[in-house]
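S.K.: sequence plus the predicted model coming up.
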Amino acid sequence: MTYFLGIDLGGTNIKTGVVDDNGAVVSKHSQPTEGKYGADRVLKNMVDAAQTVVDAAELTLKDMAYIGIGSPGPVDTENGIVISSPNISGWSNYPMRNLIADALGRPTVLANDANAAAFGEYWVGAGASPDIQNLIMLTLGTGVGGGVIVNGQIISGTCGYAAEVGHMIVQPDGRECGCGQKGCLETYASASRTAVRACEMLAKGKASSLQAIYKSDPQQITAKAIFDAAAEGDELANEVIDQTAYYLALACISLTRILDPQMFVFAGGMALAGDALLSRIRQHFDAQNWHAAPNAVTLEIAQLGNDAGLIGAAAIAWDANRND
């Protein structure tokens, strides 16, 4: 059996896991990132977390064929550098790969965390089939993240900014986005902005079972609350979800034209709604999609759940090992 160490570096927590070459998690561990204390503290925490999870697996670092790291923000995968990270103080052009490799004594690879998670789904998740070599993952949370796999390889782009699908413009001169653009996908289809749109409609007094919650505490109007209301037949909730599905379908159609994927995988908190969301995306996608291609594009819910990040990090380690 061959083992890999996956490190999923989050803004809040560092999740680590020992994963075997079948994609099974042997052991896992989570501890605070402590990014506010700077890069050196984060590096120390990563090293400590790695040792802890390897010990829990009753293995040694020498048993790890490769280490994989998934890091937020743009990364230079070729040179192993984190270009920037908004949640870690002073982290700019940080040579993470080499520092971790030196500290742990094992060959190490680095990728953007969303790309790594997409590769994990390709390896042992929703796309785990020899026939699937091209997939796109959309992560629906506070924003909309993305990962693109083409011919079994992560697409990172020139500067590590590829697959920023949340910043595709789906509505010209639309809602303002934190990135500075207007009309980005994530301003219409993220979990947080889905809730914002519901609150805007509720503020206008539109009838809904959500009105009582809104008047008591608008912060309780979450994507989950909206889906729960929709399941009970609430008209406003269903309208909001349908709008979200429409914009996600628009993005998928544009991505299909450019990249010709076999599969879209939806992850993140809002994807937990399952077919309540997926069926609506599929309806809008099929209504507008150009059916010239001989193979239908499938839409699936991600399968790796809370372990997606650490399995994805291990997946890029597995890929590096098989290509070594």
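M.R.: Yep, that arrived. Numbers count the residues shown, from 1 in each chain.

S.K.: is residue 214 in a helix, a strand, or coil?
M.R.: With DSSP: H, G, I helix; E, B strand; the rest coil as the basis, residue 214 sits in helix.

S.K.: wait, doesn't it sit right on residue 221?
M.R.: Yes. Taking contacts as C-beta atoms under 8 Å, residue 214 lies within contact range of residue 221: 5.6 Å. C-beta here means a position set from N, CA and C on the backbone, and glycine is covered the same way.

S.K.: can you work out which residues contact both of these two?
M.R.: 199, 202 (C-beta atoms under 8 Å, 6 or more residues apart in numbering).

S.K.: and these two? Which one has more around it.
M.R.: residue 221 (23 against 18; other C-beta atoms under 10 Å).

S.K.: that one: what's it in contact with?
M.R.: With C-beta under 8 Å, 6+ apart, residue 221 has these contacts: 195, 198, 199, 202, 210, 213, 214.

S.K.: what about the second one, distance to residue 192?
M.R.: Taking C-beta to C-beta, to the nearest Å as the measure, residue 198 falls 11 Å from residue 192.

S.K.: out of the two, name the residue with the larger neighbour count.
M.R.: Ranked by neighbour count (other C-beta under 10 Å), residue 198 and residue 192 place residue 198 first, with 28 against 17.

S.K.: just give the closest residue to the more buried one, not the sequence neighbours.
M.R.: residue 240 (4.7 Å; C-beta to C-beta, 6 or more residues apart in numbering).

S.K.: please apply the same query to residue 169.
M.R.: Nearest non-adjacent residue to residue 169, counting by C-beta to C-beta, 6+ apart: residue 183, 4.6 Å away.

S.K.: list phi and psi for the one you found.
M.R.: phi 80, psi 20 (degrees, to the nearest 10).

S.K.: count the neighbours of it for me.
M.R.: 18.

S.K.: surely it and residue 170 touch.
M.R.: Yes. At 6.2 Å, residue 183 counts as touching residue 170 under the criterion of C-beta under 8 Å.

S.K.: residue 139 belongs to a helix?
M.R.: No. Counting by three-state DSSP, residue 139 is not found in a helix; it is strand.

S.K.: in the host helix or strand of residue 309, what counts as buried?
M.R.: Element membership for residue 309 (DSSP states H and E) is helix 308-322. Buried positions in helix 308-322, judged by neighbour count with 16 or more other C-beta atoms under 10 Å: 308-321.

S.K.: got it, and stretch 263-274?
M.R.: 263, 264, 265, 266, 267, 268, 269, 270, 271, 272, 273.

S.K.: repeat for stretch 66-78
M.R.: So for stretch 66-78, counting by 16+ other C-beta under 10 Å, buried means 66, 67, 68, 69, 70, 71, 72, 73, 74, 75, 76, 77.

S.K.: contacts only, for the third one.
M.R.: In other words, residue 68. Per C-beta under 8 Å, 6+ apart, neighbours of residue 68: 4-7, 108-111, 116, 312-318, 320.

S.K.: swap in the first one?
M.R.: Contacts for residue 66 (C-beta under 8 Å, 6+ apart) come out as 4, 5, 106, 107, 108, 109, 317, 318, 320, 321, 324.
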